[in-house]
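J.: Quick one, structure for this:
(2 chains)
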Amino acid sequence: MSSKVVAIAVLSVAVAAGIAIYAYNRGGGKAEQDAMGTATRPLADYTAAGRELQRAAAEKPATLPKEVPVGSIISEDTRNVALSEDERAWLSRHHYLSKQDLDATKNIPDATLQEARTDARAQTILGMRLLERGEIIPAATVLTNAASHGSVYAYEEAAVALLKQQVENNNGRVDPIYANMFRARMEVAKIMGDHRADALFAQYFPNYDSRSNAQTVQLQTTEYLRQLGSNAQAQGTRAAGPDPRPNADLWDNLQKLNEAGGSTDLATVYPP
Amino acid sequence: MKKNNVLGLVMGTILVSGGVTVTTAYAGGYCTSSGCYVWETAPRWGSDGGGSGSYDNTTTYGPEDPQMICADLKENPAPNCNADNPPQLVVNGCGSATVDVPDFLVSFFKPLPAASYGGIFTEACNKHDVCYGSWGQPKSSCDADLKNDMIQAAKTVLGIGYPAFQVEVEGQAWAYSTGLAWGPIQAFISQPAFDSAQAEGQCRSYAGSVQYFCH
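T.: Below you'll find the model as predicted:
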């Protein structure tokens, strides 16, 4: 893209000048004042929406740990399962949303969520709504923004949605380029703390040869991390850093136990 | 039909017309003067339509002997291509390794609120990078998709603030996409950049084909 950027630089000067004159002549309207006045605010600042989120959280019934067969844990999406109280707190902190969570916030208008640009939960909810509507690039943009502010779940969902879009556009086939990009996004999720990202990746690419694409994936991972940091930087906020999810060893043991024929053994899980 | 399936369809059609079981779906391919070869290095998306499934390991290719295909590939290599070490595609948003091009909204008179929306064009530009680097993609559709994706992303992120920045958003989307098709830019900068990305994509496709049919 090296030559392209030169073109863009040249054009940008011309366009910026035109835009500047146009915008200056047009003057500021109400929408402009709104935009200028809502730089970055958390959702809690929007009283009604903040109350809505608090109400949804308060109405959530308290759940007790329960015993579940190992096989049924491993066969589901293990990202949303906690094996300890601390891991449940981690899931909550990184906005792993259930369908119930999303339903409980359906009264919050999109516009309110859009304005809460640095609120990871609000952006995750908005991104999931957009995904449901099939607006993949806008959804990925919003979810990546949520990831910049601490939602690992949002980053993983964006990665899966982009992969699916690429595959669907390719008649159900996946190009190695996309596999590498997805691998790099999972590496970012792992760096941010989710050791279950490997399981998510294996769900889609069980036979991926990580050695043959190691350099590409490493470069792409670095770039994706830069993009996350750059987004938060532009918004004047601190980028989310690594926050390791508890129980990495325990999950490994569960996986091995399941593979060794212990799928009916019981393990304790902490429902959200 | 999706634009980026054109190459696959063309290549698949060639094979299907020859009585082969290969469908238009493919994971990669390469054409020599003797014909086009479709290959799969990644397994097929699960039969559930791509929802939650994994991949099965279906593998199909043309009726020709792989050794013949390999020989044909070796005789007709992609230009300036090291098949053992093809150039890799790393998407990098709107910028490049050497020049910073903003992924965020740029406004001459309202720079701070504009930038505070963050990297709203990053994902659109990432997708554009993939489009340019995928062999057989038409440049015009890559650029048109970029413009559309940038505007859609901005509308979503800016919400009620969009009207205030509509001119800037559309200007920036124009500059990043349609502006690249402007005569002098197209001739001297944009087209060569696209050609270079396509040559790299061609090399990747060639290397993948060699990998598939010759090993």
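
J.: What's the local residue count around A:Glu67?
T.: For A:Glu67, the count of nearby residues is 9 (other CB atoms under 10 Å in any protein chain shown). No exception for glycine: its C-beta is placed from N, CA and C like everyone else's.

J.: same for the helix or strand hosting it, what does it pack against?
T.: Of the helices and strands defined by DSSP states H and E, A:Glu67 is found in strand A:66-69. Strand A:66-69 makes packing contacts with strand A:266-269 when contacts are defined by 3 or more CB pairs under 8 Å, 6 or more residues apart in numbering or on different chains; DSSP states H and E.

J.: Can you give the distance of stretch B:173-184 from its chain's centre?
T.: Distance of stretch B:173-184 from its chain centroid, counting by CA atoms, centre = their mean, to the nearest Å, is 18 Å.

J.: how long is that stretch from one end to the other?
T.: By CA to CA, to the nearest Å, the extent of stretch B:173-184 from end to end equals 19 Å.

J.: Partner strands of the strand holding A:Glu67, with direction?
T.: strand A:266-269 (antiparallel) (DSSP bridges).

J.: Contacts for the strand it pairs with, please.
T.: A:Pro65, A:Lys66, A:Glu67, A:Val68, A:Pro69, A:Val70, A:Ile73, A:Val81, A:Ala82, A:Leu83, A:Leu254 (CB atoms under 8 Å, 6 or more residues apart in numbering or on different chains).

J.: what does stretch A:241-260 give?
T.: Contacts of stretch A:241-260 with the rest of the structure, by CB under 8 Å, 6+ apart, involve A:70-71, A:73-74, A:78, A:82-84, A:86-87, A:90, A:93-94, A:150, A:152, A:191-196, A:199, A:265, A:267.

J.: C-alpha coordinates for that stretch, CSV please?
T.: Once non-C-alpha atoms are left out, stretch A:241-260 reads as follows in CSV (Å, rounded to 0.1, in the frame of the first residue of the first chain):
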residue,chain,number,x,y,z
GLY,A,241,-3.9,-4.2,28.7
PRO,A,242,-3.4,-7.8,29.4
ASP,A,243,-5.6,-9.3,32.1
PRO,A,244,-5.0,-13.1,32.3
ARG,A,245,-8.1,-15.2,32.7
PRO,A,246,-7.9,-17.6,35.7
ASN,A,247,-7.8,-21.4,35.5
ALA,A,248,-5.6,-21.9,32.4
ASP,A,249,-4.2,-25.1,33.9
LEU,A,250,-7.6,-26.3,35.1
TRP,A,251,-9.0,-26.0,31.7
ASP,A,252,-6.1,-27.9,30.2
ASN,A,253,-6.7,-30.7,32.7
LEU,A,254,-10.4,-30.8,31.8
GLN,A,255,-9.6,-31.0,28.2
LYS,A,256,-7.2,-33.9,28.8
LEU,A,257,-9.7,-35.6,31.1
ASN,A,258,-12.3,-35.4,28.4
GLU,A,259,-10.0,-36.8,25.8
ALA,A,260,-9.0,-39.6,28.2
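
J.: which ones are touching the residue positioned nearest the centre of chain B?
T.: With distances taken as CA atoms, centre = their mean, the residue of chain B nearest its centroid is B:Cys131 (2.2 Å). For B:Cys131, the set of contacting residues under the criterion of CB under 8 Å, 6+ apart consists of B:Asn4, B:Gln137, B:Ser141, B:Cys142, B:Asp145, B:Leu146.

J.: Out of the residues you listed, which is nearest to chain A?
T.: The shortest distance between chain A and any of the contacts of B:Cys131, using CB to the nearest CB, involves B:Asn4 and amounts to 5.7 Å.

J.: Now do the contacts for residue 78.
T.: Since no chain was named, I'll use chain A. With the criterion set at CB under 8 Å, 6+ apart, A:Thr78 makes contact with A:Arg196, A:Ala199, A:Trp251.

J.: That was the other one, I meant chain B.
T.: By CB under 8 Å, 6+ apart, the contact set of B:Ala78 is B:Tyr30, B:Ala199, B:Gln202, B:Cys203, B:Ser205, B:Tyr206, B:Ala207.

J.: Need the contacts of A:Thr78 in JSON lines (columns: secondary structure and pLDDT).
T.: Formatted as JSON lines, the contacts of A:Thr78 follow (DSSP: H, G, I helix; E, B strand; the rest coil; pLDDT from 0 to 100):
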{"residue": "A:Arg196", "secondary structure": "coil", "pLDDT": "96"}
{"residue": "A:Ala199", "secondary structure": "helix", "pLDDT": "91"}
{"residue": "A:Trp251", "secondary structure": "helix", "pLDDT": "96"}
